[in-house]
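In: 3D model of this:
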Amino acid sequence: MSAEIDLDDVCCDFGSFRAVDHVSVKIRPGEFFSFLGPSGCGKTTILRMISGFTEPSSGVIRIGGKDVRGQRPNQRPTALIFQNLALFPLMPVWENIAFGLEVRGVDKATRRARAEELLRLVDLPGAADKMASQLSGGQRQRVAIARALAVEPAVMLLDEPLSALDLKLRQHMRAELRSIQKRTGVTFIYITHDQGEALAMSDRVGVMSQGRLQQVADPREIYNNPANGFVASFVGEMNILTGDVGATADGFASYATPHGTFRARLAPGAAKGPVKLYIRPEHVVLTPDAGGENAVSVTVGDVAFEGNFISVSATTDSGKHFVAELRNDGSATVPDPGSRQFMRFDAARAAILPDETGTA
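Out: Below is the predicted model:
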């Protein structure tokens, strides 16, 4: 069972502070949807409004097509997994999982059977009689998911549940969460400030800034075609140049900067307000000659080995800092620190973007 969630022009105010500002988005049944943004952008407030712990100041939230205004959290078809998991440490695992069923008056034998079934689903068979305090961080995470699934929610709400885990375990649990969501078909709404989590797990991502939804799209679109400068710089690394838009043709424009005039894709609406030029470090190449358009002379600074790529920092004569990322696949020629090079980029891989938009 899964349900569509429809946020229709939703706002949420705390006194004079507007935490969520006219957000509208439809989350599809059975979708893994992530709200991504920095701390304080309003993403957790959205989760609390969907779950019923916070009421919107205006706008409508519908779950499965039904307006849920006035419904308490226990009346909504949602389950919320908190950041701290909130397991009972001295209670057996199966009782933790079945706690919601016990509250609903389900008999013990049925509760135990359901807990065993869910433990198999989250790949923890045989853990039913262990105490929650005996489990590792990743195992406790799976128990929290099983407990939430026990009450058969149509919507699972997850508030940065992996933030307390170490890097390797977080990466493993990303795959586990995605697998569990696909097996159950439940709609997942995931809150995170970690772009890697959002891009790796989600069907679609909503990027937020200062209470406003900046862009909603699938992960590839978010990364490769950001709607504005905020999305571009928050999701991944960027080289950013400030300048002025010149002649435009066929979706491209010239862009004059103190470091030269370049050509790049012109985003819709970018010619109407403040704009910057954005180039991802992995789309920059280093060559000993200029070789055509979009080249700038630099002096190589630090060369840092990052494992799967090599990060090269360089500076123009006027002091502008650039970064290039070279794949560590044996094909790249790594320049020596202090050497003179040209940083070049393809016009189709660079974008002239407005700083930020009010709504997606």
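In: quick check: Ala128 touching Glu116?
Out: Yes. Proximity of Ala128 to Glu116 meets the contact threshold set by CB atoms under 8 Å, at 5.9 Å. C-beta coordinates here come from the backbone N, C-alpha and C atoms, glycine included.
In: which neighbours do those two share?
Out: Residues touching both Ala128 and Glu116 (CB atoms under 8 Å, 6 or more residues apart in numbering) are Trp94.
In: give me the residues contacting the longest helix anywhere in the chain.
Out: Assignment by DSSP state H gives helix 167-184 as the longest helix of the chain. Residues outside helix 167-184 that contact it (CB under 8 Å, 6+ apart): 32, 121-123, 137-138, 141-142, 145, 149, 156, 158, 162, 165, 188, 190, 197, 200-201.
In: report the inter-axis angle for the strand or helix carrying Glu117 versus helix 167-184.
Out: Assigned by DSSP states H and E, Glu117 belongs to helix 108-121. Angle, helix 108-121 to helix 167-184, by axes from the mean of the first three to the mean of the last three CA atoms, to 10 degrees: 120 degrees.
In: quick one: the following helix or strand past helix 108-121 to helix 167-184, angle?
Out: Going down the chain from helix 108-121, the next helix or strand is helix 137-150, by DSSP H and E. Angle, helix 137-150 to helix 167-184, by the same axes, to 10 degrees: 20 degrees.
In: going forward, count from 677.
Out: Shifting the count to begin at 677 puts that one at helix 813-826.
In: just how off-centre is the helix or strand that helix 813-826 is followed by within its chain?
Out: Sequence-wise, the next helix or strand downstream of helix 813-826 (DSSP H and E) is strand 831-835. Here the centre of strand 831-835 is set off from its chain's centre by 14 Å, with CA atoms, centre = their mean, to the nearest Å.
In: may I have the strands that pair with strand 831-835, each with its orientation?
Out: Paired neighbours of strand 831-835 in the sheet (DSSP bridges): strand 754-757 (parallel), strand 863-868 (parallel).
In: low-confidence bits of the stretch 827-976 of the chain, can you list those?
Out: Scanning the stretch 827-976 of the chain with the threshold set as pLDDT under 70 gives 947-949.
In: that older thread, what's the most buried one of the strands paired with strand 831-835?
Out: Looking across the strands paired with strand 831-835 with neighbours counted as mean count of other CB atoms under 10 Å, the highest average goes to strand 863-868: a mean of 24.
In: list the buried residues in stretch 1002-1012.
Out: Leu1002, Ala1008, Pro1011 (16 or more other CB atoms under 10 Å).
In: helix, strand or coil for the last one?
Out: Pointing back at Pro1011 there. Under DSSP: H, G, I helix; E, B strand; the rest coil, Pro1011 falls in the coil class.
In: give the contact list for the closest residue to it other than its chain neighbours.
Out: The spatial neighbour of Pro1011 that comes closest, neighbours along the chain excluded (CB to CB, 6 or more residues apart in numbering), is Val976 at 4.8 Å. Contact analysis of Val976 by CB under 8 Å, 6+ apart lists Leu962, Val988, Ser989, Ala990, Pro1011, Asp1012, Pro1013, Gly1014, Ser1015, Arg1016, Gln1017.
In: can you tell me which two in these are farthest apart?
Out: Ser989 and Arg1016 (14.4 Å; CB to CB).
In: which pLDDT value belongs to Thr1033?
Out: Looking at Thr1033, its pLDDT reads 61.
In: helix/strand/coil for the most centrally placed residue in the chain?
Out: By CA atoms, centre = their mean, the chain has its centre lying nearest to Ala874, at 3.1 Å. At Ala874 the chain is in helix, as set by three-state DSSP.
In: hang on, it packs against Ser710?
Out: Yes. Using CB under 8 Å, Ala874 is in contact with Ser710, at 4.2 Å.
In: need the overlap of contacts for these two.
Out: Residues within reach of Ala874 and of Ser710 at once, by CB under 8 Å, 6+ apart, are Tyr866, Thr868, Val881.
In: which helices and strands does the host helix or strand of the last one pack with?
Out: Secondary structure from DSSP H and E places Val881 in strand 880-885. Helices and strands touching strand 880-885, by 3 or more CB pairs under 8 Å, 6 or more residues apart in numbering; DSSP states H and E, are strand 693-703, strand 708-712, strand 888-893, helix 895-900, helix 905-910.
In: how about 10 Å then?
Out: strand 693-703, strand 708-712, helix 719-727, strand 863-868, helix 871-877, strand 888-893, helix 895-900, helix 905-910 (3 or more CB pairs under 10 Å, 6 or more residues apart in numbering; DSSP states H and E).
In: who does it pair with, and is each partner parallel or antiparallel?
Out: Paired with strand 880-885 in the same sheet, following DSSP bridges, are strand 708-712 (parallel), strand 888-893 (antiparallel).
In: please identify the deepest-packed of those.
Out: strand 708-712 comes out most buried of those by mean count of other CB under 10 Å, with a mean of 25.
In: break the chain down into its domains, please.
Out: 681-905, 914-1030 (automatic domain parsing).
In: quick one on the thing from earlier: mind checking the SS state of the residue nearest to Pro1011?
Out: Here Val976 is recorded as strand under three-state DSSP.
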